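*Asks:* sequence-free structure coming up:
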DNA sequence: TATACTGTTATATAATTATATAACACTATA
DNA sequence: TATAGTGTTATATAATTATATAACAGTATA
């Protein structure tokens, strides 16, 4: 689920963290209302500096995905809606693509370009 | 096709340029053997500094997508294979997703997470 | 040959991102 | 109350990314 940041991808680490947590919430793997691991645990999980974790969590807070309580922890907000139909469509697409042996990175590139141009 | 870089996306501009050109090649919108616009034209198209364009083109050159000729220009290599089946699958997926009103960014997040976890 | 295009290389500066490190404040609990 | 866990704030430094700018070198053509 939550995994190390890819330090060679070119995408800033704090953004990778934001994206990872956000999508886990949307996929329902991180449940609404539940508590995230502590900042210092996340620092180990993502393999980054504590300030980088904080920067990511601040962004998620500003975007309304999580909230924090001083001295207690970070919690996933309860008013986020998860789109089941959409997830099914994407799962099917990914399955087909993996069978065709295209790699992840190339699929994403084509996906992006098709989306933005058509 | 080739469009301005998104300076607020967090993704380095030179990488956005690399991705854009790479996927246009894979989609067949930039034909094999054809010449790219000049560096100074690309600078205007992408709205970045000339050094940023050069950095992107150097990367594409290293990855074998394009080649350059001093005083003449940049050309798309001829030995790149475009995956037609894959493109069809992705086009269908994008069409469905757009009908369900999910936004691009969220789809990409879910796409990434599904791909990497399943 | 002169000119106007190409790509190439270089330097200096600024902004962004990431790290290391420390200290402070709140909460729960032994 | 003492302690160990939370989040929060701050400072200094380094690496990466992007800009502005200039100069140089190869190619095609009038």
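*Replies:* Cool, got the structure. Just so you know, these numbers come straight off a predicted model, no measurement behind them. Numbering: from 1, shown residues only, chains lettered A, B, ... in the order given.

*Asks:* show me how chain A divides into domains.
*Replies:* A:13-76, A:84-117 (automatic domain parsing).

*Asks:* and DNA strand D, which of those is closest to it?
*Replies:* Relative to DNA strand D, the nearest member of the domains of chain A by CB to the nearest atom of the strand is domain A:13-76, separated by 3.1 Å. Glycine gets a C-beta too; all of them are placed from N, C-alpha and C.

*Asks:* still on that earlier bit, now mean neighbour count and mean pLDDT too, for the domains of chain A, in a markdown table please.
*Replies:* Formatted as a markdown table, the domains of chain A follow (neighbours: other CB atoms under 10 Å in any protein chain shown; pLDDT from 0 to 100):
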| stretch | mean neighbour count | mean pLDDT |
| --- | --- | --- |
| domain A:13-76 | 16 | 95 |
| domain A:84-117 | 17 | 90 |
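
*Asks:* closest one to residue B:60 among the ones you listed?
*Replies:* Between residue B:60 and the domains of chain A, the shortest gap by CB to CB is with domain A:84-117, which sits at 12.3 Å.

*Asks:* endpoint to endpoint, that closest one covers what distance?
*Replies:* 26 Å (CA to CA, to the nearest Å).

*Asks:* what helix or strand is residue A:75 on?
*Replies:* Using DSSP states H and E, residue A:75 sits in strand A:73-76.

*Asks:* by contact count, what packs against that strand?
*Replies:* Secondary-structure packing of strand A:73-76 (3 or more CB pairs under 8 Å, 6 or more residues apart in numbering or on different chains; DSSP states H and E): strand A:66-69.

*Asks:* paired strands for the strand it packs on, with orientation please.
*Replies:* In the sheet, strand A:66-69 lines up against strand A:73-76 (antiparallel) (DSSP bridges).

*Asks:* the helices in chain A, which residues?
*Replies:* For chain A, the helices defined by DSSP state H occupy A:13-26, A:39-46, A:50-62, A:84-99, A:104-117.

*Asks:* just how off-centre is the strand holding residue A:75 within its chain?
*Replies:* Mean-position distance between strand A:73-76 and its chain equals 15 Å (CA atoms, centre = their mean, to the nearest Å).

*Asks:* so which residues make contact with that strand?
*Replies:* If you take CB atoms under 8 Å, 6 or more residues apart in numbering or on different chains as the criterion, strand A:73-76 is touched by A:25, A:30-36, A:38-39, A:57, A:65-69.

*Asks:* please redo it, this time with the cut-off set to 7 Å
*Replies:* Strand A:73-76 is touched from outside by A:25, A:30-36, A:38, A:57, A:65-68, with contacts defined as CB atoms under 7 Å, 6 or more residues apart in numbering or on different chains.

*Asks:* can stretch A:67-78 be said to contact DNA strand D?
*Replies:* Yes: with CB under 7 Å from any atom of the strand as the criterion, DNA strand D is reached by stretch A:67-78 at A:68, A:69, A:70, A:71, A:72, A:73, A:74.

*Asks:* out of the residues you listed, which comes closest to DNA strand C?
*Replies:* Distance to DNA strand C, by CB to the nearest atom of the strand, is smallest for residue A:71 among the residues of stretch A:67-78 next to DNA strand D, at 2.3 Å.

*Asks:* for residue A:40, see how far away the closest one is.
*Replies:* Distance from residue A:71 to residue A:40, counting by CB to CB, to the nearest Å: 14 Å.
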